[in-house]
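Enquirer: Return a 3D structure for these sequence lines:
(2 chains)
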Amino acid sequence: MVYLVRRTANSVLLLLLTVSFVFVAGRMIGDPALNMLGPGATDVALEKLRRAAGLNDPLWQQYIRYVANLLQGDFGVSYRFGFSVLPSEDLDSLGQPVIDIVLERLPATFLLAAVAMGIAVPSGILMGVVAAAKPRSLADRVVTVVALAGVSVVQFWLGLMLIVFFSVQLGWLPTGGYGGLEHAILPALTLAARPIGRIAQIARSAMLDEMSKPYIVTARAKGAHEWRVVFLHALKNAAVPIITMIGDELSALLTGAILVEKIFAWPGIGLLIIDSLTRSDLPLIQASIAVVAALVVLVNLLVDLSYRIVNPRIKLGTEN
Amino acid sequence: MRHFSAVSGLLAAAALCAVAFAGVQATAEPTRGTMVVAVNQEPQDLAAQGTYKEINAPGLRNVIETLIAVDPVSGDFVPVLATAWERVDGSTLRFTIREGVKFHDGTDMTSEAVAESINWVWSTENAFTIQEYAGPGAITAAAMDDSTVEVRSSEPDPLLEFRMSLNGISSPAQLAENPERHFDTPIGTGPYSFVEWKQGQYWSASFNPDWWGMSAEEAYGTSKPAFSDLQFVFRSEDAARVAMVQSGEAQIAMFPSADECGRAADADGYNCVTGPSTTYLYGRLDHSLHADERLADPRVREAIFSAIDIAGIVDLYGMASVPRGQLGPKGTIGFNDALAPYSYDPAHAMELLESAKADGIDVEGLQIEIVGRDTTPRIKPIVEALGAMLDMAGISTDLKVQTPAEFNPRVRITGYSNEPGRQMMQVHVKQNPSGDYGLLLLSNYACPNIDDPTGPSRSSVYCDEEFDAKLFEALASFGDERGERMKELVQYVHDRHLIVPLALLDRGHLVEAGLEFTFGTDHRIQAVYVRPTE
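Expert: Here you go, the predicted model:
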């Protein structure tokens, strides 16, 4: 419990540092009003936006207001359509709340990550276990090559090849877009290639380590069935590094499926971040990064807590 | 069955005539379902002012219409929401608006509504991007009576009709009651009414059964909408757009690469419909404003241009032709027949640099920053090729492909005026749909005004009083005199090596087999002109 409280406090601090960094960085790259409205904006429009968004205030005042609003769940409004040219100066009534835009994209990101990990985790673990069960066998060599290919393959190429094969040649799956599960399969397969490879590699390595330990010899000597030895004894003890890898890959999927989302026109958070950067929509950039950072922190926290579940001997938050 | 139709202007004319006269039966109601168009980028917004845009608001002309349009075949102005128009004087046009037209929100398209919409679009305070097509004067409109609208430019303006052909007319009731929706919920008078914009995915529209055009053949000919719904799906990858058509998910893929389009047409029987456009790719060297002083030396500038293999760039781009040493295609008013493409001569480039060096110019310290915008098709290999060409002539380069957020400010006076001593070649695409050199010269070569950063010359880096004086005389002239004056100015800027025309772009669409699609040089995708083949 103490660990959980301390860990949560650290996470909140980390999040605060992240949003503070993004806040400062957003103001270091030039005049936010000019960036938002574009170089063609008139002085009248720029001044209207600066006044309405409080950009004329000292930076420390803007920062305190930003953090205070953040704590109340107010991330600000998007100015992507240059609303300041309109007669009203009440931006909050004109712009769309950025948190709504971000939350609208999250289900797509979650779905894609879930399907990709749903493919990658069982496949990767199974490949690693099969390879480790008979080292230097044909199966081990095949798994090693496939895992290396998964880690090395260029996502852009793989995505297009999957489209050509499954959508154009076979006509089985849509080329992209957002809809039912069938729309998620090709982008998820593209995304899953790397995690499959990495999980297989780490699972093989961890399983080889466990399989050489005395308790495995003992289990075999007692006449336990080989599948029981592998899956119940060895795999359980090899789970910690595998879970760590899964957590890493999940974080990467939540933050950086940008290329795959672009190829498949998948409207997730990665594409939103790129769009908001392209449009210099500062409030949207800040909110997107804050939400993604919160997700990564949460995933890491859950990974840490899961260590205790898979191996009760692990004591969280201590030297041991 | 194989079809590959490279539709030149002549074939476009033939196809349009075929649609109009060869027995294609117009139906009262759409007979087909949804037409999906895979477009290369999501709109920046769907505001009425964006109706003129080819790339940034694809499909918007199906929802928002203009008073007049340019006939893609003859180049003449044709009536749309106006039934007639006349020149009152050099700076005034008087429009008779069509009766009985309603906006999609049910309000009447009155003369007051039209005037209000025009004033909104051209408002200098709004400073919309349509200002890049603004003339020397400010445009305002006023309702004269129930059916007449007068549009006035504060300066004589021979291109006022053209500017009105760009001006989308949308519901002023929306601006009064629900202004925040103007940018994402267009309300026009067109054959399709807006349904929704799923950001990051698509925008859609459905057939407007009350569309006035069903009984007004002088506007759209005998073509009638064949599809009940439209969906514009955003797919930035060329190959993914082509795959959408090949898999039957889309009927049209906008702007595929030349290779993808040709291959799909050869192998599968789709139609790769291509044709010339008014879009050009160019390299603009910094010159007068905030530029490194070495670029003011004519030898250095000529050396840079001589180092560029323009035909090679055209090959690299695909679907393009070599420009004749000027930015406009043949047929543009002011086109100068005497000009030829800048010749590719690296040896001459090196001689010029040696000559400049002998006169004390630090040529070796020169480093040309070649910068493209990442939304320009195939920009990365083009920037790399330009870099390699200049390197071969002994000119050092720094290559960059930037996002619009980085690129745009550096192009315009408000942004580059903050940059000291620049050595930049901006590689970009622009359009000149006016058929006249006036706009092109004004936007690219007239001296920009830092106190009026929204003006049409905001992207120019060239200041030359003599040129400006001649240009403004030419802009106010009409007829043959205008053409002659423009020709002289085209020669003037060509000789000074200010902008190197790199390619005149063709545009292409991959179209599903069984559909016929014709487009003019403006390339707007209008569903009215997409018909099932007989």
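Enquirer: how about the nearest residue to B:Thr92 once chain neighbours are set aside, what does it touch?
Expert: Among residues not flanking B:Thr92 along the chain, B:Arg152 sits closest, at 4.9 Å (Cβ to Cβ, 6 or more residues apart in numbering or on different chains). Where C-beta positions appear, they are placed from N, C-alpha and C, glycine not excepted. B:Arg152 sits next to B:91-93, B:139-142 when contact means Cβ atoms under 8 Å, 6 or more residues apart in numbering or on different chains.
Enquirer: For the stretch 51-200 of chain B, give me the ranges with low pLDDT.
Expert: In the prediction, the stretch 51-200 of chain B carries residues with pLDDT under 70 at positions B:54-56, B:72.
Enquirer: Let me see the ranges of the strands in it.
Expert: For the stretch 51-200 of chain B, applying DSSP state E, counting those that start in this stretch gives strands covering B:65-66, B:68-70, B:77-79, B:82-89, B:92-97, B:139-145, B:148-153, B:168-169, B:192-198.
Enquirer: Packing partners of the third one?
Expert: The elements that strand B:77-79 packs onto, with contact taken as 3 or more Cβ pairs under 8 Å, 6 or more residues apart in numbering or on different chains; DSSP states H and E, are strand B:68-70, helix B:217-220.
Enquirer: closest to chain A out of the ones you listed?
Expert: strand B:68-70 (25.1 Å; Cβ to the nearest Cβ).
Enquirer: how far out from the middle of the chain is that closest one?
Expert: Distance of strand B:68-70 from the chain centroid (Cα atoms, centre = their mean, to the nearest Å) equals 15 Å.
Enquirer: mind listing what that strand pairs with, with the direction of each?
Expert: Note on strand B:68-70: by DSSP bridges, its sheet partners are strand B:77-79 (antiparallel).
Enquirer: so where's chain B uncertain?
Expert: For chain B, the ranges with pLDDT under 70 are B:1-28, B:54-56, B:72, B:450, B:452-455, B:520-523, B:534.
Enquirer: hmm, who's touching the longest helix along it?
Expert: For chain B, the helix reaching the highest residue count under DSSP state H is reported as helix B:479-495. For helix B:479-495, the external contacting residues (Cβ under 8 Å, 6+ apart) are B:158, B:325-326, B:328, B:333-336, B:338-339, B:436-438, B:441, B:444-445, B:462, B:467, B:470-471, B:473-474, B:477, B:499.
Enquirer: what distance separates the next helix or strand after that helix from the centre of its chain?
Expert: On the C-terminal side of helix B:479-495, the nearest following helix or strand under DSSP states H and E is strand B:499-511. Relative to its chain's centre, strand B:499-511 lies at 11 Å (Cα atoms, centre = their mean).
Enquirer: what does the stretch 101-250 of chain A put close to chain B?
Expert: Contact residues, the stretch 101-250 of chain A versus chain B (Cβ under 8 Å from any Cβ of the partner chain): A:101, A:105, A:160, A:163-164, A:167-168, A:171, A:174-178.
Enquirer: Could you list the buried residues of stretch B:458-466?
Expert: For stretch B:458-466, the buried set under the neighbour-count rule, 16 or more other Cβ atoms under 10 Å in any protein chain shown, comprises B:458-462, B:464.
Enquirer: Could you do stretch A:242-250 as well?
Expert: Of the residues in stretch A:242-250, A:242-250 count as buried by neighbour count, 16+ other Cβ under 10 Å.
Enquirer: now, which of the residues you listed sits nearest B:Tyr270?
Expert: Among these, A:Glu249 lies closest to B:Tyr270 (Cβ to Cβ), at 39.2 Å.
Enquirer: is it true that the closest one touches A:Ala200?
Expert: No. With contact defined as Cβ atoms under 8 Å, A:Glu249 does not reach A:Ala200; the gap is 11.7 Å.
Enquirer: Would you show me how to pick out the buried ones of the contacts of B:Arg152 in ChimeraX?
Expert: In ChimeraX, this line selects whichever of the contacts of B:Arg152 come out buried by 16+ other Cβ under 10 Å:
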select /B:91,93,139,141
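Enquirer: any idea which of the contacts of B:Arg152 is closest to B:Ala320?
Expert: Of all these, B:Ala320 sits closest to B:Ile139, with 33.1 Å by Cβ to Cβ.
Enquirer: Any idea what that closest one is bridged to?
Expert: Per DSSP bridges, the residues bridged to B:Ile139 are B:Ser153.
Enquirer: ok, the residue in the stretch 201-320 of chain A that chain B sits nearest to - contacts?
Expert: The minimum distance from the stretch 201-320 of chain A to chain B, using Cβ to the nearest Cβ, falls at A:Pro267 (3.3 Å). Remark: with contacts taken as Cβ under 8 Å, 6+ apart, A:Pro267 is in contact with A:105, A:108, A:178, A:261, B:198-201.
Enquirer: Try it again at 6 Å.
Expert: By Cβ atoms under 6 Å, 6 or more residues apart in numbering or on different chains, the residues touching A:Pro267 are A:108, A:178, B:200-201.
Enquirer: now swap in B:Gln526 and tell me
Expert: Shown in contact with B:Gln526 (Cβ under 6 Å, 6+ apart): B:61-62.
Enquirer: Ok, B:Arg524 next?
Expert: B:Arg524 makes contacts with B:Arg61, as judged by Cβ under 6 Å, 6+ apart.
Enquirer: Is it located within a strand, as I assumed?
Expert: No. Counting by DSSP: H, G, I helix; E, B strand; the rest coil, one finds B:Arg524 to be coil, located in no strand.
Enquirer: what residue is smack in the middle of chain A?
Expert: Centroid-nearest residue in chain A, with Cα atoms, centre = their mean: A:Leu254, separated by 1.5 Å.
Enquirer: related to what we said a few turns ago, roughly how far does the residue nearest to B:Thr92 sit from A:Pro267?
Expert: Going from B:Arg152 to A:Pro267 by Cβ to Cβ, to the nearest Å gives 45 Å.
Enquirer: Distance to A:Val142 and secondary structure for the contacts of A:Pro267 - can I get that in CSV?
Expert: Conversion of those to CSV gives the following (distance: Cβ to Cβ, whole Å; DSSP: H, G, I helix; E, B strand; the rest coil):
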residue, distance to A:Val142, secondary structure
A:Ala108, 34, helix
A:Tyr178, 35, coil
B:Gly200, 39, coil
B:Gln201, 39, coil
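Enquirer: Wait, the residue nearest to the centre of chain A touches A:Ala293, no?
Expert: No. With contact defined as Cβ atoms under 6 Å, A:Leu254 does not reach A:Ala293; the gap is 10.0 Å.
Enquirer: now the end-to-end length of stretch A:217-232.
Expert: 14 Å (Cα to Cα, to the nearest Å).
Enquirer: returning to what we had before: the residue nearest to B:Thr92 and B:Pro136, how far apart?
Expert: 13 Å.
Enquirer: Kindly report the same for A:Leu298.
Expert: Counting by Cβ to Cβ, the gap from A:Leu298 to B:Pro136 is 59 Å.
Enquirer: neighbour-wise, which of the two wins?
Expert: B:Pro136 (20 against 13; other Cβ atoms under 10 Å in any protein chain shown).
Enquirer: okay but that one is in contact with B:Ala474, surely?
Expert: No. If you go by Cβ under 6 Å, B:Pro136 and B:Ala474 don't touch, sitting 10.6 Å apart.
Enquirer: What is the nearest of the contacts of A:Pro267 to A:Pro214?
Expert: Comparing those against A:Pro214 with Cβ to Cβ places A:Ala108 closest, at 48.6 Å.
Enquirer: contacting residues for the closest one?
Expert: Contacts of A:Ala108 (Cβ under 6 Å, 6+ apart): A:178, A:267-268.
Enquirer: That concludes my questions; thank you for your assistance.
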